[in-house]
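Q: okay, structure incoming, though there's no sequence with it:
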């Protein structure tokens, strides 16, 4: 009888542990303010990528919010209406009567969000990171972060921005996903700095930019702490028209 009870307890514990593992599918995509490779504004093309890949979380870069150049359209709101997802807009700067920055789409409710300004040299484009808390089914939750690091030829601002992110998320223990266009090659100092804290879930992936003939990898999905995550899949979506970047998709398991 004791053996049977022990076996039952072990099986039940195993089932409980299995039930606590949460699958999370993440997409990161620089959408070039909705302008495709034919120089046509086409948010539906971006939405089609999201619908086809069916992610739980989406990190978007180069998002316009009510700017003159994109017809005063709230791009994140339009994408949310098509995909049925929750949103968080991260304004990095004022532009053309509206705002410009990054954005988050989530299948699950966003409990809270904050915009973290990143260091930048005077005269360079301001950058920011959007940090939200996502409540997953059951009792688990995570932090999801989208950012777009400096695009300048000099790496000074990017290194400073990477250090700010690494310092912010160092040793917190909270499951966190960082995704975006880092404008940095895998062997760069900026990526090395981030990898002191994060694990690159896209480490085996190839070039992501430009979308019609990719030559360099600058788009990433990273996770921390390492022991909380299992990377079960990662791929570049072969979309060549909807934006000047290719979208990146990762399948993760939160333990």
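A: Yep, that arrived. Everything numeric in this text was worked out from a predicted model, so none of it was measured. Numbering: from 1, shown residues only.
Q: find the nearest non-adjacent residue to residue 252, please.
A: Residue nearest to residue 252 in three dimensions, not counting chain neighbours: residue 24, with 4.8 Å by CB to CB, 6 or more residues apart in numbering. Quick note: C-beta positions are derived from backbone N, CA and C, even for glycine.
Q: give me the element that neighbour is part of.
A: strand 22-30 (DSSP states H and E).
Q: now the following helix or strand past that strand, how far from the centre of its chain.
A: Using DSSP H and E, the helix or strand that follows strand 22-30 in sequence is helix 43-53. On the basis of CA atoms, centre = their mean, to the nearest Å, helix 43-53 sits 16 Å off its chain's mean C-alpha point.
Q: relative to strand 22-30, how tilted is the helix or strand immediately after helix 43-53 in the chain?
A: Downstream of helix 43-53, the first helix or strand assigned by DSSP H and E is strand 57-65. Orientation check (axes from the mean of the first three to the mean of the last three CA atoms, to 10 degrees): strand 57-65 against strand 22-30 gives 30 degrees.
Q: show me how far strand 57-65 is from its chain's centre.
A: 9 Å.
Q: same for it, what does it pack against?
A: strand 22-30, helix 75-83, strand 86-95, strand 98-106, strand 141-148, strand 176-181 (3 or more CB pairs under 8 Å, 6 or more residues apart in numbering; DSSP states H and E).
Q: now the angle from the second one to strand 57-65?
A: In other words, helix 75-83. Going by the same axes, to 10 degrees, helix 75-83 makes 130 degrees with strand 57-65.
Q: can you list contacts of helix 75-83?
A: 31, 33-34, 43-44, 46-47, 50-51, 60, 63-65, 85-87, 89, 103, 105 (CB atoms under 8 Å, 6 or more residues apart in numbering).
Q: now it: average pLDDT?
A: The pLDDT scores in helix 75-83 average 98.
Q: and the helices and strands packed on strand 57-65, which is most packed in?
A: Most buried of the helices and strands packed on strand 57-65, by mean neighbour count (mean count of other CB atoms under 10 Å): strand 176-181, with a mean of 26.
Q: how far off centre is the following helix or strand past that one?
A: Using DSSP H and E, the helix or strand that follows strand 176-181 in sequence is helix 189-195. Counting by CA atoms, centre = their mean, helix 189-195 is centred 17 Å from the centre of its parent chain.
Q: for helix 189-195, buried residues please.
A: Residues 190, 191, 193, 194, 195 are the ones in helix 189-195 that count as buried (16 or more other CB atoms under 10 Å).
Q: do stretch 133-141 as well
A: Applying 16+ other CB under 10 Å to stretch 133-141 flags 133, 134, 136 as buried.
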